[in-house]
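1. Give me a 3D structure for the following:
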Amino acid sequence: MNVMTELAGLRHGAPLHMKMRIGGEHVGGDRTLDVRNPYTGAVVGTVPCATAGEIRRAFAIAKAYRPALTRYQRYEICRKVAELIRARGEAISDLITAECGIGKKDSRYEVGRACDVF
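-> Numbering: from 1, shown residues only. Take a look at the predicted model:
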């Protein structure tokens with residue numbers, strides 16, 4: 001199942017279960033943290049709790065990273081991200097509403113702000 005399919009399930013009360021990415025790999029054990037709607041208390045998803053080793057590994061990878069892309073290539077990636085966010089705005093807005101308990105008008109605004117940042 002992909003993230004967009006899972007995001008669509010939020011409208012029907014299905015929680016979203018995510019993994020961490022470290023060095024391009026999905027990682028995360030059995031320890032998770034519930035993400036709750038602050039107004040209803042409903043679990044809208046779970047996120048993994050990183051171990052000390054996973055945190056050290058993430059920092060080591062970040063410290064060793066050297067960009068291989070040109071500025072223009074990085075710009076193109078950011079532009080594409082903004083395009084994808086816009087195309088999936090309603091589903092992302094649903095997630096923001098579920099996580100933060102804010103109204104759709106405000107969560108749509110936040111989606112627009114994310115596009116502007118990218």
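
2. dump the residue contacts of residue 116.
-> residue 82 (CB atoms under 8 Å, 6 or more residues apart in numbering). Every C-beta, even on glycine, is put in place using the N, C-alpha and C of the backbone.

3. okay, it: pLDDT?
-> On the pLDDT scale, residue 116 is placed at 94.

4. ok so it is a strand residue?
-> No - applying DSSP: H, G, I helix; E, B strand; the rest coil, one finds residue 116 to be helix, outside a strand.

5. how much space is there between it and residue 109?
-> 10 Å (CB to CB, to the nearest Å).

6. can you check residue 50 too?
-> The value you get for residue 50 to residue 109, if CB to CB is used, is 31 Å.

7. Likewise for residue 42?
-> 23 Å.

8. quick one on the thing from earlier: what about residue 50 and residue 109, which has more around it?
-> Neighbour totals were compared for residue 50 and residue 109, and residue 50 leads with 17 against 14 (other CB atoms under 10 Å).

9. Could you report the neighbour count for the closest residue to that one other than its chain neighbours?
-> Nearest residue to residue 50 in three dimensions, chain neighbours excluded: residue 20, at 6.3 Å (CB to CB, 6 or more residues apart in numbering). Applying other CB under 10 Å, we find 16 residues neighbouring residue 20.
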